[in-house]
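Trainee: show me the folded form of this:
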Amino acid sequence: MSSARRARLLNNMALKEQARLPQFIQRQNALRSEIAELVALLERIKQLREDASLQKVQHAQKLQTNRWYELRLIEEAQTLQNKLDFLRVEMSNISALIVQMSHKQKVVAGKAQDALKAMREELEIKVDLEQANYQRLPSS
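Mentor: Numbers count the residues shown, from 1 in each chain. The predicted model follows:
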(Lines give C-alpha, C1' and ligand atoms only; values in the text may rest on other atoms or scores of the structure.)
Protein backbone atom coordinates (compact mmCIF):
# COMPACT_ATOMS: atom_id res chain seq x y z
CA MET A 1 0.00 0.00 0.00
CA SER A 2 1.40 3.37 -0.95
CA SER A 3 2.25 5.83 1.78
CA ALA A 4 -0.23 8.39 0.48
CA ARG A 5 -3.08 5.91 0.46
CA ARG A 6 -2.14 4.61 3.91
CA ALA A 7 -1.99 8.16 5.30
CA ARG A 8 -5.39 8.98 3.78
CA LEU A 9 -6.88 5.75 5.14
CA LEU A 10 -5.53 6.35 8.64
CA ASN A 11 -6.69 9.96 8.58
CA ASN A 12 -10.20 8.85 7.57
CA MET A 13 -10.22 6.29 10.39
CA ALA A 14 -9.25 9.00 12.88
CA LEU A 15 -11.97 11.30 11.56
CA LYS A 16 -14.53 8.49 11.86
CA GLU A 17 -13.66 7.95 15.53
CA GLN A 18 -13.76 11.69 16.12
CA ALA A 19 -17.22 11.89 14.53
CA ARG A 20 -18.61 9.06 16.68
CA LEU A 21 -17.33 10.55 19.93
CA PRO A 22 -19.89 13.40 20.42
CA GLN A 23 -22.91 11.06 20.49
CA PHE A 24 -21.31 9.01 23.26
CA ILE A 25 -20.43 12.16 25.20
CA GLN A 26 -24.03 13.34 24.81
CA ARG A 27 -25.30 9.99 26.13
CA GLN A 28 -22.87 10.25 29.06
CA ASN A 29 -24.20 13.71 29.94
CA ALA A 30 -27.80 12.45 29.75
CA LEU A 31 -26.94 9.55 32.06
CA ARG A 32 -25.22 11.92 34.46
CA SER A 33 -28.33 14.10 34.77
CA GLU A 34 -30.62 11.06 35.07
CA ILE A 35 -28.44 9.63 37.84
CA ALA A 36 -28.53 12.97 39.68
CA GLU A 37 -32.34 13.02 39.44
CA LEU A 38 -32.61 9.47 40.77
CA VAL A 39 -30.29 10.21 43.68
CA ALA A 40 -32.39 13.26 44.58
CA LEU A 41 -35.59 11.22 44.32
CA LEU A 42 -34.18 8.47 46.55
CA GLU A 43 -33.19 11.12 49.11
CA ARG A 44 -36.73 12.49 49.02
CA ILE A 45 -38.24 9.03 49.52
CA LYS A 46 -35.87 8.41 52.42
CA GLN A 47 -36.96 11.70 53.98
CA LEU A 48 -40.65 10.82 53.52
CA ARG A 49 -40.13 7.46 55.22
CA GLU A 50 -38.34 9.11 58.14
CA ASP A 51 -41.12 11.68 58.48
CA ALA A 52 -43.77 8.95 58.40
CA SER A 53 -42.06 6.93 61.11
CA LEU A 54 -41.92 9.95 63.44
CA GLN A 55 -45.70 10.45 63.43
CA LYS A 56 -47.66 9.11 66.41
CA VAL A 57 -50.86 7.42 65.29
CA GLN A 58 -53.90 6.90 67.54
CA HIS A 59 -56.35 5.26 65.13
CA ALA A 60 -56.07 1.81 63.59
CA GLN A 61 -57.24 2.96 60.16
CA LYS A 62 -54.61 5.72 60.07
CA LEU A 63 -51.97 3.19 61.13
CA GLN A 64 -53.04 0.86 58.32
CA THR A 65 -52.97 3.69 55.77
CA ASN A 66 -49.53 4.80 56.91
CA ARG A 67 -48.24 1.25 56.64
CA TRP A 68 -49.63 0.94 53.10
CA TYR A 69 -47.89 4.18 52.06
CA GLU A 70 -44.67 3.07 53.72
CA LEU A 71 -44.74 -0.21 51.79
CA ARG A 72 -45.31 1.69 48.54
CA LEU A 73 -42.37 3.96 49.37
CA ILE A 74 -40.18 0.93 50.07
CA GLU A 75 -41.16 -0.67 46.74
CA GLU A 76 -40.54 2.57 44.84
CA ALA A 77 -37.20 3.07 46.57
CA GLN A 78 -36.11 -0.45 45.63
CA THR A 79 -37.17 0.02 42.01
CA LEU A 80 -35.35 3.35 41.79
CA GLN A 81 -32.24 1.88 43.45
CA ASN A 82 -32.16 -0.94 40.89
CA LYS A 83 -32.50 1.57 38.06
CA LEU A 84 -29.76 3.71 39.60
CA ASP A 85 -27.42 0.71 39.83
CA PHE A 86 -28.10 -0.14 36.18
CA LEU A 87 -27.46 3.45 35.05
CA ARG A 88 -24.20 3.60 37.00
CA VAL A 89 -22.98 0.44 35.28
CA GLU A 90 -24.03 1.86 31.91
CA MET A 91 -22.27 5.13 32.76
CA SER A 92 -19.02 3.34 33.59
CA ASN A 93 -19.27 1.35 30.34
CA ILE A 94 -19.83 4.49 28.27
CA SER A 95 -17.01 6.32 30.07
CA ALA A 96 -14.65 3.43 29.33
CA LEU A 97 -15.79 3.40 25.70
CA ILE A 98 -15.20 7.15 25.38
CA VAL A 99 -11.68 6.79 26.77
CA GLN A 100 -11.00 3.87 24.43
CA MET A 101 -12.34 5.73 21.38
CA SER A 102 -10.40 8.87 22.25
CA HIS A 103 -7.20 6.87 22.65
CA LYS A 104 -7.79 5.03 19.37
CA GLN A 105 -8.43 8.32 17.58
CA LYS A 106 -5.17 9.77 18.94
CA VAL A 107 -3.16 6.67 18.00
CA VAL A 108 -4.61 6.48 14.48
CA ALA A 109 -4.12 10.23 13.95
CA GLY A 110 -0.50 9.83 15.08
CA LYS A 111 0.02 6.96 12.66
CA ALA A 112 -1.54 9.04 9.88
CA GLN A 113 0.89 11.87 10.64
CA ASP A 114 3.80 9.41 10.63
CA ALA A 115 2.69 7.94 7.29
CA LEU A 116 2.33 11.44 5.84
CA LYS A 117 5.78 12.36 7.11
CA ALA A 118 7.25 9.17 5.61
CA MET A 119 5.56 9.94 2.30
CA ARG A 120 7.02 13.46 2.28
CA GLU A 121 10.49 12.11 3.10
CA GLU A 122 10.21 9.56 0.27
CA LEU A 123 9.15 12.34 -2.08
CA GLU A 124 12.07 14.54 -1.00
CA ILE A 125 14.52 11.67 -1.53
CA LYS A 126 13.02 11.00 -4.95
CA VAL A 127 13.27 14.69 -5.90
CA ASP A 128 16.87 14.86 -4.64
CA LEU A 129 17.79 11.79 -6.70
CA GLU A 130 16.17 13.22 -9.81
CA GLN A 131 18.01 16.52 -9.32
CA ALA A 132 21.29 14.67 -8.86
CA ASN A 133 20.65 12.64 -12.01
CA TYR A 134 19.70 15.78 -13.94
CA GLN A 135 22.89 17.55 -12.85
CA ARG A 136 24.99 14.55 -13.98
CA LEU A 137 23.60 14.65 -17.48
CA PRO A 138 26.06 16.21 -19.92
CA SER A 139 24.97 19.54 -21.25
CA SER A 140 24.98 19.81 -24.97
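
Trainee: ok, the residue positioned nearest the centre of the chain to T79 distance?
Mentor: Computing the C-alpha centroid of the chain and ranking residues by Cα atoms, centre = their mean puts I98 first, at 3.3 Å. Separation of I98 from T79 (Cβ to Cβ, to the nearest Å) stands at 29 Å. C-beta: built from backbone N, CA, C; applies to glycine.

Trainee: got it, and A14?
Mentor: 43 Å.

Trainee: more neighbours, those two?
Mentor: Ranked by neighbour count (other Cβ atoms under 10 Å), A14 and T79 place A14 first, with 20 against 10.

Trainee: pLDDT score for the more buried one?
Mentor: The per-residue pLDDT reported for A14 equals 84.

Trainee: residues contacting it?
Mentor: Q105, V108, A109, A112 (Cβ atoms under 8 Å, 6 or more residues apart in numbering).

Trainee: let's verify it: helix, strand, or coil?
Mentor: helix (DSSP: H, G, I helix; E, B strand; the rest coil).

Trainee: which residues in this structure form helices?
Mentor: With DSSP state H as the criterion, the chain has helices at 3-54, 60-136.

Trainee: pLDDT below threshold where in the protein?
Mentor: 1, 57, 139-140 (pLDDT under 70).

Trainee: chain neighbours aside, what residue packs nearest to the residue nearest to the centre of the chain?
Mentor: Using Cβ to Cβ, 6 or more residues apart in numbering and skipping residues adjacent in sequence, the residue nearest I98 is F24, 5.2 Å away.

Trainee: okay, now the one you found: neighbour count?
Mentor: Residues near F24, counting by other Cβ under 10 Å: 15.

Trainee: that'll do, ta.
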